[in-house]
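*Asks:* build me a model:
(one chain, ligands or ions: 1)
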Amino acid sequence: MCGIVGYVGDREAQDILLGGLRRLEYRGYDSAGIVTVDVEGEPSLFRAKGKVAELEKAMKDKPDRVGIGHTRWATHGEPSEVNAHPQRVGDVYVVHNGIIENYKELKSELKAYDFKSQTDTEVLAALIDSLYQRSDVKLENAVVQALKLVRGAYGIAVISTREPGTIVAARMGSPLIVGVADDETLIASDASALVGHTDKAIYLNDGEVAVCTAGDVRMLDLASQPVSAKVETIEIDLQSMQKGGFDHYLMKEIFDQPDSLRATLNGRVIKDQDLLRLGGLNMSDDELRKVKNVFIVACGTASYAGLLASYYIERFTDDVTVRVEVASELRYRSFNVPENSIAIFVSQSGETADTLACLKEMKRRGVRCLGVVNAVGSSIAREVDGGVYVHAGAEVSVASTKAFTSQVAALLLIGLVMAQTKGLDQKTLREYIAELDVLPDEIAKTLEAKNDEAKALAEKYNHYDHAFYIGRDTTFPVALEGALKLKETSYVHVEGQPAGELKHGSIALIDDRFFMVAFVDDNWLVEKSLSNVIEVQARGGHIITVTNSDRPIDTEAVITVDTSLKLLTPLLFNVVSQLFAYYMAVARGNDVDQPRNLAKSVTVE
Ligand code: M6R
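*Replies:* Next up, the predicted model:
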């Protein structure tokens with residue numbers, strides 16, 4: 001979603017801002033802009049619809065040493081130059097992530113202004129400008145006063161031609177980080193934009209304002225009172241941000257999975273001692289033993305990781321009910337939290353607005369909240385009472401792949417640790433530990449063995465615009481995840497369904513315009529799954545079966561995954577479906593890493 005960068009120091013700002021915007025490109029955006037100001041207060045504003053490369057073409061070199069920049073993912077108003085940020089009103093320039101909910105109300109009161117864009121951000125800029133009219137008012141005061149009148153979510157950076165050399169930044173619900181270094185200060189909505197400049201940063205909390213000058217930061221709250229700031233060391237693995245010889249981040253991240261999963265399991269699964277070790281849950285054995293209900297709250301792929309894990313957790317505990325909740329629904333629903341509940345928030349970015357809102361609500365109700373998060377230092381990671389970093393490394397492609405696998409593994413670890421306190425038998429524990437231990441190698445083997453088959457199938461099936469993905473039990477979440485992956489990368493209309501649900505309606509759709517991917521695990525349900533496949537085949541369905549079974553299966557295509565795994569096979573089926581989605585996107589000529597209309601980190605609801 002939108003990205004913010006800012007720089008004030010003794011180097012030329014334009015290059016640093018452009019570099020930062022390029023680092024944020026992966027988040028998804030549709031226009032970009034930069035403003036810098038020289039020592040006399042003379043501004044240079046450049047904005048462009050489209051990619052940062054378009055902005056660069058539109059820019060003229062200016063050696064100014066302060067500026068702010070933005071990549072915009074349109075919310076209010078179409079993607080266009082006039083709606084791009086920075087938005088200027090009078091002497092004030094604003095870049096903004098988030099949504100000002102009461103912008104219409106505010107706009108109707110700002111009668112003196114002739115608004116040029118359709119954005120809520122221009123309204124915020126006008127509001128700041130209206131409070132900045134008197135020459136004795138400082139920018140920081142005008143910003144603080146304006147923010148007190150605003151309802152909604154924001155991460156903002158503001159500069160003024162009257163105070164060149166100062167950037168005022170603020171946060172409410174949308175991430176913002178201030179990077180500190182000798183003689184220079186940087187601002188970013190995502191730590192990746194700071195890489196190469198500094199590894200020391202202040203993560204703003206909601207309601208905090210940072211007044212940044214070269215090499216200095218002063219923190220305030222919305223009552224203009226000073227607040228102390230903690231400077232933290234940020235860890236960004238630069239290698240994760242490179243394509244590593246692959247054509248696309250998506251493919252690189254699919255092939256990262258053996259290593260990213262090893263990083264998730266490392267030090268946590270100790271196979272030779274049949275031991276699991278999770279340092280960060282911050283729950284005693286006694287507290288874990290008492291848990292009866294687990295809410296797993298997430299969005300998109302992270303919610304499917306939660307759903308898959310829920311099948312396993314309910315399998316290896318007798319007294320735990322797991323509810324998987326899509327955060328955008330849960331946040332506005334009236335729901336009860338029974339005694340002895342915990343809530344687990346699953347998020348790659350750690351910034352998903354709906355997931356964060358549910359976390360705040362659960363905390364308000366006094367529920368113990370755990371995080372399963374990839375981005376270190378992100379908002380969700382900072383708000384939870386404990387949890388597990390998945391350590392999958394930066395995921396750049398909008399379509400989430402390696403995070404899913406690591407999220408499932410991390411949730412299994414939490415579930416197993418809890419089950420252990422409840423007396424899980426050693427045999428079952430040992431089976432899961434053994435499978436988790438070899439899972440990275442099994443994924444590596446599957447990727448290597450199935451890559452060409454997935455590619456060949458994509459070449460055959462890429463002309464279809466409709467598909468069904470079906471599965472049963474633990475392959476049902478894989479069907480949902482596979483369907484989402486294909487949708488977002490290939491723009492094929494796909495429905496994920498429980499295999500047994502087809503004949504309750506959807507099977508009526510089966511005709512020559514559809515193909516189907518059926519996940520068939522060779523377990524106690526294999527015959528039921530195959531019956532569902534045969535029912536579709538009898539109606540002329542074009543079926544690709546993904547299975548580990550050696551039974552004869554007579555569908556149009558079959559991908560057989562050769563594995564010794566018995567419990568975690570769905571995670572192998574899932575990597576096959578990731579490969580297929582990748583090759584479908586390539587075959588259809590799509591923007592693989594930044595699919596249309598999507599953003600990597602969904603920081604607005
Ligand atoms: O950062 P999060 O894990 O909280 O993101 C949740 C979803 O937005 C995300 O998984 C989304 O569905 C991906 N585009 C799926 O590939």
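*Asks:* just read off the phi/psi values of whichever residue of the stretch 501-605 of the chain sits closest to the ligand.
*Replies:* Taking C-beta to the nearest ligand atom, the ligand has its nearest neighbour within the stretch 501-605 of the chain at Val602, 4.7 Å off. All C-beta spots, glycine's among them, are computed from the backbone N, C-alpha and C. Backbone dihedrals for Val602, given as degrees, to the nearest 10, come out at phi -90, psi 90.
*Asks:* can you check Glu535 too?
*Replies:* Dihedral angles (degrees, to the nearest 10) for Glu535: phi -60, psi -40.
*Asks:* next: Ile177.
*Replies:* According to degrees, to the nearest 10, Ile177 has phi -130, psi 140.
*Asks:* phi, psi for Pro79 please.
*Replies:* Residue torsions, per degrees, to the nearest 10, at Pro79 are phi -70, psi 120.
*Asks:* who's the closest spatial neighbour of it, skipping the chain neighbours?
*Replies:* Nearest residue to Pro79, sequence neighbours excluded (C-beta to C-beta, 6 or more residues apart in numbering): Asp30, at 3.5 Å.
*Asks:* got the contact list for that neighbour?
*Replies:* Contact criterion C-beta atoms under 8 Å, 6 or more residues apart in numbering gives 49-50, 72-74, 79 as the residues in contact with Asp30.
*Asks:* how many other residues sit next to the residue of the stretch 501-605 of the chain closest to the ligand?
*Replies:* 22 (other C-beta atoms under 10 Å).
*Asks:* the nearest residue to it once chain neighbours are set aside: how many residues sit nearby?
*Replies:* Leaving aside its sequence neighbours, Val602 sits nearest to Thr352 (C-beta to C-beta, 6+ apart; 5.3 Å). The number of residues packed near Thr352 is 30, by other C-beta under 10 Å.
*Asks:* residues in contact with Thr352?
*Replies:* Thr352 is in contact with 298-299, 302, 327, 380, 601-603, counting by C-beta under 8 Å, 6+ apart.
*Asks:* by neighbours, which of those residues wins?
*Replies:* Counting by other C-beta under 10 Å, top hit in these: Ala298 with 29 neighbours.
*Asks:* ok, what's across the strand from that one?
*Replies:* Note on Ala298: beta-bridge partners Val326, judged by DSSP bridges.
*Asks:* what sits against it?
*Replies:* Going by C-beta under 8 Å, 6+ apart, Ala298 touches 305-306, 324-327, 345-347, 352, 355.
*Asks:* rerun at 10 Å
*Replies:* 304-307, 324-327, 330, 344-348, 352, 354-355, 358, 372, 380, 407, 411 (C-beta atoms under 10 Å, 6 or more residues apart in numbering).
*Asks:* keep only the residues you listed that also lie close to the ligand.
*Replies:* 347-348, 352, 355 (C-beta under 6 Å from any ligand atom).
*Asks:* now the residues you listed as JSON lines including distance to Ala467, pLDDT and secondary structure?
*Replies:* Formatted as JSON lines, the ones next to the ligand among the contacts of Ala298 follow (distance: C-beta to C-beta, whole Å; pLDDT from 0 to 100; DSSP: H, G, I helix; E, B strand; the rest coil):
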{"residue": "Ser347", "distance to Ala467": "27", "pLDDT": "98", "secondary structure": "strand"}
{"residue": "Gln348", "distance to Ala467": "25", "pLDDT": "97", "secondary structure": "coil"}
{"residue": "Thr352", "distance to Ala467": "27", "pLDDT": "94", "secondary structure": "coil"}
{"residue": "Thr355", "distance to Ala467": "28", "pLDDT": "97", "secondary structure": "helix"}
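*Asks:* farthest-separated two in those residues?
*Replies:* Using C-beta to C-beta, the pair of those lying farthest apart is Gln348 and Thr355, separated by 10.3 Å.
*Asks:* what touches both of these two?
*Replies:* 298-300, 302, 373.
*Asks:* of these, which ones also sit close to the ligand?
*Replies:* Checking those against the ligand (C-beta under 6 Å from any ligand atom), the matches are 299-300, 302.
*Asks:* let me know the closest of those residues to Asp286.
*Replies:* Relative to Asp286, and with distances defined as C-beta to C-beta, the nearest of these is Ala302, at 29.2 Å.
*Asks:* helix/strand/coil for that closest one?
*Replies:* helix (DSSP: H, G, I helix; E, B strand; the rest coil).
*Asks:* now do the contacts for it.
*Replies:* 296, 326-327, 345-349, 352, 355, 372-374, 400, 403-404, 407 are the contacts of Ala302 under C-beta under 10 Å, 6+ apart.
*Asks:* likewise Gly173?
*Replies:* So Gly173 contacts 97-99, 152-155, 206-207, 351, 353, 356-357, 360, 379, 603-605 (C-beta under 10 Å, 6+ apart).
*Asks:* ok, of those residues, which come out buried?
*Replies:* Neighbour-count burial (16 or more other C-beta atoms under 10 Å) applied to those gives 97-99, 152-155, 206, 351, 353, 356-357, 379, 603-605.
*Asks:* what's the closest non-adjacent residue to whichever residue of the stretch 151-300 of the chain sits closest to the ligand?
*Replies:* Proximity of the stretch 151-300 of the chain to the ligand (C-beta to the nearest ligand atom) peaks at Gly300, 1.9 Å away. Distances taken as C-beta to C-beta, 6+ apart put Leu484 closest to Gly300, at 6.6 Å, once the chain neighbours are dropped.
*Asks:* repeat that for Val66.
*Replies:* Val8 (4.3 Å).
*Asks:* how far out from the middle of the chain is stretch 293-312?
*Replies:* Its chain's C-alpha centre and that of stretch 293-312 lie 15 Å apart, by C-alpha atoms, centre = their mean, to the nearest Å.
*Asks:* outline the domain layout of the protein.
*Replies:* 3-234, 241-424, 448-592 (automatic domain parsing).
*Asks:* measure the first one end to end?
*Replies:* Think domain 3-234. Start and end residues of domain 3-234 are separated by 18 Å (C-alpha to C-alpha, to the nearest Å).
*Asks:* going by neighbour count, which of the contacts of Asp30 comes out on top?
*Replies:* Busiest of the contacts of Asp30 [other C-beta under 10 Å] is Arg72, holding 27 neighbours.
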